[in-house]
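**Student:** Model the structure of this input:
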Amino acid sequence: MTEIKVLLVEDDEEIVENLTEFLRPEGYLVTSADTQEGAMELLDSEPFDLILLDVTLRQGNGYSVCTAVKAVHDIPVIFLTALGDEFSVVTGLDMGADDYISKPFRPRELVSRMKSVLRRAGKSQSVVTIGDVRIDTDKGLVTRGGQEICLSALEYRLLLVFVNHRGMVLTRQLLLDEIWDMAGDFVNDNTLTVYIKRLREKIEKDPQKPEIILTVRGMGYRLGK
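**Tutor:** Numbering: from 1, shown residues only. Down below sits the predicted model:
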């Protein structure tokens with residue numbers, strides 16, 4: 001899976017550290033800068049797919065960075081800031097920002113908003129590869145060894161939950177919460193067991209020795225490499 005390169009312009013070291021660690025298993029490679037000058041130097045030296053930008057910085061400000069980025073680069077920008085008043089939001093959007101998220105924020109909501117902005121910019125991760133299984137999220141197509149795999153709607157959605165939380169251990173309750181709103185049918189703990197078994201039978205080379213959907217004893221499941 002090709003990593004999405006993210007420039008995080010933020011002067012709070014704890015936020016930088018936490019976001020970098022959280023986004024890495026989601027498929028995002030994060031580079032950070034804590035000043036306007038540092039951000040612009042990075043933008044001139046390497047390509048990025050997305051910018052997460054705070055308004056208040058050690059030197060300069062996020063509004064100036066956004067204006068400079070939009071004048072030269074075709075890169076989507078999401079403001080990530082504690083300034084959540086209407087004037088600040090409108091100012092950011094008027095300067096060309098693609099989204100504006102107020103702190104404190106929920107990490108999973110941030111990832112969802114990032115994916116939405118990247119899709120609109122045509123820079124989303126549309127193809128995910130796990131071993132010999134290939135998932136084309138644009139086409140809703142799953143293949144193994146070049147052969148199409150026929151998944152039910154709920155099986156496909158369950159697989160996407162694992163893909164979207166790559167590197168994380170997912171509890172059974174989290175899986176139920178994730179697919180509950182998306183499924184028209186009633187889904188309980190026993191039903192989840194059945195769907196994981198069916199999904200393994202379709203995507204694993206040997207369902208008895210899974211390499212894609214791994215069981216983490218006492219905790220839940222995680223996606224293999």
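
**Student:** And the helices in this structure?
**Tutor:** 13-23, 36-45, 62-72, 86-94, 107-120, 153-164, 172-180, 189-203 (DSSP state H).

**Student:** As CSV, those helices with distance to residue 212 would be great.
**Tutor:** All C-beta spots, glycine's among them, are computed from the backbone N, C-alpha and C. Converted to CSV, those look like this (distance: least, Cβ to Cβ, whole Å):
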stretch, distance to residue 212
helix 13-23, 22
helix 36-45, 36
helix 62-72, 38
helix 86-94, 41
helix 107-120, 21
helix 153-164, 8
helix 172-180, 15
helix 189-203, 6
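
**Student:** right, and those helices - which one's nearest residue 218?
**Tutor:** helix 172-180 (11.2 Å; Cβ to Cβ).

**Student:** Skipping adjacent residues, who's closest to residue 10 in space?
**Tutor:** Nearest residue to residue 10 in three dimensions, chain neighbours excluded: residue 54, at 4.7 Å (Cβ to Cβ, 6 or more residues apart in numbering).

**Student:** repeat for residue 113
**Tutor:** Ranked by Cβ to Cβ, 6+ apart and with sequence neighbours excluded, the top spatial neighbour of residue 113 is residue 99, at 5.5 Å.

**Student:** So what's the residue count around that neighbour?
**Tutor:** Neighbours of residue 99 under the rule other Cβ atoms under 10 Å: 18.

**Student:** Could you check the pLDDT of it?
**Tutor:** Note for residue 99: predicted pLDDT of 91.

**Student:** what's the answer for the one 5 residues further on, then?
**Tutor:** With respect to pLDDT, residue 104 has a value of 83.

**Student:** Sketch out the low-pLDDT regions of this structure for me.
**Tutor:** 1-3, 123-126, 180-186, 225 (pLDDT under 70).

**Student:** what domains does the record give for it?
**Tutor:** 4-120, 128-223 (automatic domain parsing).

**Student:** Am I right that the residue nearest to residue 113 is in contact with residue 78?
**Tutor:** Yes. Using Cβ atoms under 8 Å as the test, residue 99 is close enough to residue 78 to be in contact (4.5 Å).

**Student:** which residues are common contacts for these two?
**Tutor:** Residues within reach of residue 99 and of residue 78 at once, by Cβ atoms under 8 Å, 6 or more residues apart in numbering, are 113, 117.

**Student:** Can you tell me, leaving aside adjacent residues, what's nearest to residue 62?
**Tutor:** Closest residue in space to residue 62, ignoring its immediate chain neighbours: residue 55 at 4.1 Å, by Cβ to Cβ, 6+ apart.
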